[in-house]
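Trainee: this is the structure alone, sequence omitted:
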């Protein structure tokens, strides 16, 4: 039977790592040490991509300020990492689930069960974008370690046709896989210790990049004050404790006073701080925050006339 598969052996992510050619002979301690050595590479890759990551933060934040959304698109490990980052935005930054969304080939079932065969359909990627009515205010970030996933390329192509801001993350050089996007983030970390297993270094560097991107975007949107997550969702006892500690740390209030203030502020940390420092009533404090795009420091400056 003749195979229709493409030879991807040229791709950096598919090559064999000479350092691990005897991986099956290593002791557990030698294996751990080798992994630790190789896991320094994602740090270097992130540093090399610093300007592209910064540009991505700026571009995505601009889209979201204009009422747009951010979509991560991937398959397999890449898709799962995108869905994970999207799912963590609402509890961390109190965003709506629609603001940052993860799209994975095979849908929700692919999160817990391998559905890698579904990544090969270009048209399915196009359909995923079309079904979400993505438009020129949105940003679409394709994630594919080896850079060739047809599902992701289909999604990017459809997003481009619809005028969305397109971004791409891959762990191979652009010379190996070219794509037409606004921002092309390349994170080459070299061949995996287990050849072709991109859930390893490629997965690590992708998670690092998404951490930086989503956190950077939320900082730009005023979701952070100093280094505190003042827009977090106070939805359980751990987060309530964190909220109270933030208020106590940033003010002269004790825990009981902080709890009263938080209750008075509809369990919104940023609003609680705004009310406390501005001495405005909740409705007025909300209004000023809204006028300043949710930025607490700007809102306080506006009230003080700075």
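Mentor: Everything's here; your move. Since we're looking at a predicted model, the values are computed, not measured.
Trainee: tell me the mean pLDDT for stretch 137-156?
Mentor: In this model, stretch 137-156 carries a mean pLDDT of 97.
Trainee: can you measure across it, start residue to end residue?
Mentor: 15 Å (C-alpha to C-alpha, to the nearest Å).
Trainee: tell me the buried residues in it?
Mentor: For stretch 137-156, burial by neighbour count (16 or more other C-beta atoms under 10 Å) applies to 137-156. Backbone N, C-alpha and C define where each C-beta goes, glycine included.
Trainee: from the residues you listed, which land in strands?
Mentor: Using DSSP state E, the subset of the buried residues of stretch 137-156 located in strands is 139-143.
Trainee: which among those gets closest to residue 287?
Mentor: The nearest member of these to residue 287, counting by C-beta to C-beta, is residue 139 at 28.8 Å.
Trainee: how is this protein carved up into domains?
Mentor: According to automatic domain parsing, the chain comprises the domains 12-220, 237-304.
Trainee: residue 222: what secondary structure?
Mentor: coil (DSSP: H, G, I helix; E, B strand; the rest coil).
Trainee: who are the neighbours in contact with it?
Mentor: 231, 292-296, 298 (C-beta atoms under 8 Å, 6 or more residues apart in numbering).
Trainee: repeat for residue 262
Mentor: 234, 240, 243-244, 247, 268-269, 272.
Trainee: got JSON lines for those residues, with distance to residue 304, neighbour count and secondary structure too?
Mentor: Listed next are the contacts of residue 262 as JSON lines, based on distance: C-beta to C-beta, whole Å; neighbours: other C-beta atoms under 10 Å; DSSP: H, G, I helix; E, B strand; the rest coil:
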{"residue": "234", "distance to residue 304": "27", "neighbour count": "20", "secondary structure": "coil"}
{"residue": "240", "distance to residue 304": "30", "neighbour count": "14", "secondary structure": "helix"}
{"residue": "243", "distance to residue 304": "25", "neighbour count": "24", "secondary structure": "helix"}
{"residue": "244", "distance to residue 304": "26", "neighbour count": "22", "secondary structure": "helix"}
{"residue": "247", "distance to residue 304": "20", "neighbour count": "23", "secondary structure": "helix"}
{"residue": "268", "distance to residue 304": "21", "neighbour count": "22", "secondary structure": "coil"}
{"residue": "269", "distance to residue 304": "20", "neighbour count": "28", "secondary structure": "helix"}
{"residue": "272", "distance to residue 304": "18", "neighbour count": "28", "secondary structure": "helix"}
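Trainee: what's the spacing between the residue sitting nearest the centre point of the chain and residue 143?
Mentor: Among the residues of the chain, the one closest to the centroid is residue 210, at 3.4 Å (C-alpha atoms, centre = their mean). When distance is defined by C-beta to C-beta, to the nearest Å, residue 210 is 8 Å away from residue 143.
Trainee: again, but for residue 284
Mentor: Counting by C-beta to C-beta, the gap from residue 284 to residue 143 is 43 Å.
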